[in-house]
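> quick one: sequence plus predicted model below, questions after.
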Amino acid sequence: MGRTAPAGRVLVEAELERLRRVARRLRDPKDRALLEELLDGVYRVLDAYRYEAMGDPLEPILVAMVLEAARRCRRGEGGVGEGPSH
């Protein structure tokens with residue numbers, strides 16, 4: 001009997017863990033904190049993929065990152081540890 005493909009959420013979790021390992025290895029603490037913050041937002045997006053097929057496990061991760069970047073732009077925020085840009 002053939003094997004079934006892993007559930008999309010399991011694949012996303014594996015990608016998140018891989019990216020968290022990358023974040024831990026970043027030299028700049030600000031970059032590390034920013035990437036970790038962006039990865040934390042994935043779960044807000046992941047629920048929407050219950051109803052839509054996922055083309056790639058990186059897709060919800062990238063969508064979450066783009067949405068967070070757009071939110072920050074709208075609020076006029078800079079990066080981690082920076083005040084609003086003027």
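That came through fine.

> lowest confidence element among the helices and strands of this structure?
helix 42-46 (a mean of 89; mean pLDDT, DSSP states H and E).

> can you tell me what sits against that helix?
Helix 42-46 is touched from outside by 9, 12, 16, 60-61, 63-64, 67, with contacts defined as Cβ atoms under 8 Å, 6 or more residues apart in numbering. C-beta: built from backbone N, CA, C; applies to glycine.

> ditto for stretch 11-22
With Cβ under 8 Å, 6+ apart, stretch 11-22 has contacts from 35-36, 39, 42, 46, 49, 54, 57-58, 60-61.

> okay, and for this protein, where does confidence drop off?
Across the chain, the ranges flagged by pLDDT under 70 are 1-6, 78-86.

> returning to that earlier point: by neighbours, which of the contacts of helix 42-46 wins?
Pro60 (25 neighbours; other Cβ atoms under 10 Å).

> ok, that residue touching Met54?
Yes. Here Pro60 reaches Met54: they are 6.6 Å apart, a contact under Cβ atoms under 8 Å.
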